[in-house]
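> After the sequence you'll find the predicted model.
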Amino acid sequence: MEIFRISYMVISVLALVLALGFPSSINAESSPAPAPAPSSDGAAIDQGIAYVLMVVALVVTYIIH
């Protein structure tokens, strides 16, 4: 019965050390850098889609005539 008391004591001390030490190491890290600004505001994507639709319209017009 004495061995269980010692093992419980060791486990509780280890748990206390980890509980007190581990969160402080997480909080000690520097905060991550903010996300970079988007490289396009969406206008370039819209313009690319418009160009593709214009080419499709020209191809369809050429095929029909």
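Great, that's in hand.
> okay, now Q47: neighbour count?
By other CB atoms under 10 Å, 11 other residues sit near Q47. (Each C-beta comes from the backbone N, C-alpha and C, glycine too.)
> could you give me the average pLDDT of the host helix or strand of it?
Element membership for Q47, per DSSP states H and E: helix 43-64. The average pLDDT for helix 43-64 rounds to 92.
> Show me what counts as buried in that helix.
Judged by neighbour count (16 or more other CB atoms under 10 Å), helix 43-64 contains no buried residues.
> how distant is it from the center of its chain?
Its chain's average C-alpha position is 35 Å from that of helix 43-64, according to CA atoms, centre = their mean, to the nearest Å.
> Outside of that helix itself, list whatever touches it.
Here helix 43-64 makes contact (CB atoms under 8 Å, 6 or more residues apart in numbering) with no residue beyond itself.
> Work out which residue lies at the spatial centre of this protein.
Centroid-nearest residue in the chain: A35, 10.1 Å away (criterion: CA atoms, centre = their mean).
> Give me the distance between that one and A44.
19 Å (CB to CB, to the nearest Å).
> Using CSV, write down the CA coordinates of stretch 50-65.
Output of stretch 50-65 as CSV, limited to C-alpha atoms (Å, rounded to 0.1, in the frame of the first residue of the first chain):
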residue,chain,number,x,y,z
ALA,A,50,-13.6,39.1,-68.5
TYR,A,51,-10.7,38.5,-70.9
VAL,A,52,-11.5,34.7,-71.0
LEU,A,53,-15.2,35.4,-71.7
MET,A,54,-14.3,37.7,-74.5
VAL,A,55,-12.0,35.1,-76.1
VAL,A,56,-14.7,32.5,-75.7
ALA,A,57,-17.2,34.9,-77.4
LEU,A,58,-14.8,35.6,-80.2
VAL,A,59,-14.2,31.9,-80.8
VAL,A,60,-17.9,31.1,-80.7
THR,A,61,-18.6,33.9,-83.1
TYR,A,62,-15.9,32.7,-85.5
ILE,A,63,-17.2,29.1,-85.4
ILE,A,64,-20.8,30.2,-86.0
HIS,A,65,-20.1,32.4,-89.0
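> Alright, that wraps it up for me.
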